[in-house]
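**Q** Compute the structure for the input listed below.
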Amino acid sequence: MSDADSSRFVIRDRNWHPKALTPDYKTSVTRSPRQALVSIPQSVSETTGPDFSHLRTGRFDNDLLLNFNNGGLPVGERIIVSGRVCDQYGKPIPHTLVEMWQANAGGRYRHKNDRYLAPLDPNFGGVGRALTDRDGYYSFRTIKPGPYPWRNGPNDWRPAHIHFSISGPSIATRLITQLYFEGDPLIPLCPIVKSIANPDAVQSLIARLDMGGANPMDCLAYRFDIVLRGQRKTHFENC
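**A** Residues are numbered from 1 along each chain as shown. Here you go, the predicted structure:
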């Protein structure tokens, strides 16, 4: 690609994200701003670093089947989730930190505030991290999370999902999103998903079955590419 192509500016589409106030998503009522937003100047500490290119990850940091092992393997459907982090022109983003967290196969998080009746899995912590390689690829081995009810409506359920955090070149460029699984019937019913008006934005959050990446006789695989901005960008949460 030429320098002219790589420097082309693509304006941010403000309609891509949901409105801050979406009453059917009840917590947005208390979290949405009531006054005009104020731009706060960023300090050097917010616009520089950290540099993850020299981060030494642990052997099982990206393997959730083994990184919380207490004498056995976690319960659930074993899967691989992998993909590529790139910019709006398809250029890979190497050596960037990708973190993920999720519920277990029963739909429960290992968090002190999660009171769902599903049991905790003694061999599953639900968190992992990986650095993208020089071509922007990352990979996790985990179990497919279960759906769970949440106190929004009388019978609202979250689809199975995995949260992702992508750290850019500075603290101020951290982006957070979540992955859903192809074919899940709960996706169009979820009030959080329905707050996203653009159907293409919703599609950018759905991981596709990737039989080419599966381990035969072991586990299926899902592909989830992350585009940081531009016309093909992945939808990110307003934080």
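**Q** tell me which element the residue positioned nearest the centre of the chain falls in.
**A** With distances taken as Cα atoms, centre = their mean, the chain has F164 as the residue nearest its mean C-alpha position (2.5 Å). Assessed by DSSP states H and E, F164 sits inside strand 161-167.
**Q** Same question for the very next helix or strand once past that strand: list its buried residues.
**A** Sequence order places strand 175-181 as the next helix or strand after strand 161-167, per DSSP H and E. Burial within strand 175-181, assessed by neighbour count using 16 or more other Cβ atoms under 10 Å, is assigned to L175, T177, Q178, L179, Y180, F181. The C-beta positions use only the backbone N, C-alpha and C, and glycine is treated the same way.
**Q** cool, and stretch 42-59?
**A** F52.
**Q** Check the offset of that stretch from the chain's centre.
**A** 19 Å (Cα atoms, centre = their mean, to the nearest Å).
**Q** what's the answer for stretch 29-47, then?
**A** Worked out by Cα atoms, centre = their mean, stretch 29-47 lies 22 Å from the chain centre.
**Q** any idea how far V193 is from the residue nearest to D184 when sequence neighbours are not counted?
**A** In this structure, D184 finds its nearest non-sequential neighbour in P159, 4.7 Å apart by Cβ to Cβ, 6 or more residues apart in numbering. For P159, the distance to V193 (Cβ to Cβ, to the nearest Å) stands at 7 Å.
**Q** Same question for P23.
**A** 15 Å.
**Q** Likewise for G72?
**A** 34 Å.
**Q** next one: D156
**A** 11 Å.
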